[in-house]
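Enquirer: Using only what follows, build the 3D model:
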Amino acid sequence: MVTGQSDPSWQHRYHHGYYSDHFTKKVILVGHHHLIEIKFCPYCGKPIQPKEVYGKVRATCPSCGWVHYEDPKVAAAVLVQQNGTILLARRIFNPNKGDWTLPAGFVDAHENPKDAAIRECLEETGLVVRIIRLRDIISGREHDRGADMVIVYDAEIIGGKLSAGDDADEVAFFPLNQLPPLAFQATKKVIESLQVP
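Expert: The predicted model follows:
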């Protein structure tokens, strides 16, 4: 078994979580298209072992009791509407390079998702926004580097100047009937909700 590389057959059999290799006694974290070998406890440095905890096999430390829980990756996005148009940013990186999406990005550790949404909008579009309300929470990772859930907020512009930045090379407002190619299902779902009478 090669760790850190794609192995679709293992993905199919074990999905996400931990697998204990009975031959090597190693604990393998089966994630999105990657197998990651976990050898030592990050707290005390002792070798870890697989153990069933709350119904799942997890990497655990028999010495200090540490248990590794695979936490979800969370992203935050804003939906900004203006005179019948919506704000979109064009991606400069894969996946979906060149396609358009809502201004969005990952929530940092200990960061409020609302603050993350405001920060990402400023970084990608140059616009300062105010959160109005929660619009949707969309779950389901679309690619191996993507978020497990996207928290989408309605927002309004309160300052700044429209200018692409960070991982966007162009930002613009589009009418709902003249949309460019869209990057992700989360963006499509939000826009589709606007088009329902």
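Enquirer: helix or strand for residue 187, which one?
Expert: helix 185-195 (DSSP states H and E).
Enquirer: Name the surrounding residues that touch that helix.
Expert: 77, 79, 81, 86, 88, 100-102, 104, 135-136, 138, 140, 142, 150, 152, 176, 179, 182 (Cβ atoms under 8 Å, 6 or more residues apart in numbering). (Each C-beta comes from the backbone N, C-alpha and C, glycine too.)
Enquirer: wait, residue 68 sits on residue 59?
Expert: Yes: if you go by Cβ atoms under 8 Å, residue 68 and residue 59 touch, sitting 4.2 Å apart.
Enquirer: These two - which one has more neighbours?
Expert: The neighbour comparison of residue 68 against residue 59 (other Cβ atoms under 10 Å) goes to residue 59, with 27 against 17.
Enquirer: What is the host helix or strand of that one packed up against?
Expert: Assigned by DSSP H and E, residue 59 belongs to strand 56-60. Applying 3 or more Cβ pairs under 8 Å, 6 or more residues apart in numbering; DSSP states H and E, one finds that strand 56-60 contacts strand 17-21, strand 49-53.
Enquirer: ends of stretch 175-191, how far apart?
Expert: End-to-end span of stretch 175-191 (Cα to Cα, to the nearest Å): 11 Å.
Enquirer: Over that stretch, what's the mean pLDDT, rounded is fine.
Expert: Averaged across stretch 175-191, pLDDT comes to 91.
Enquirer: Equivalent analysis for stretch 71-81, please.
Expert: Stretch 71-81 carries an average pLDDT of 92.
Enquirer: shaky segments in the chain?
Expert: Scanning the chain with the threshold set as pLDDT under 70 gives 1-36, 143-146, 196-197.
Enquirer: Using the record, which stretches count as separate domains in it?
Expert: Here the domain assignment for the chain is 8-60, 74-195, based on automatic domain parsing.
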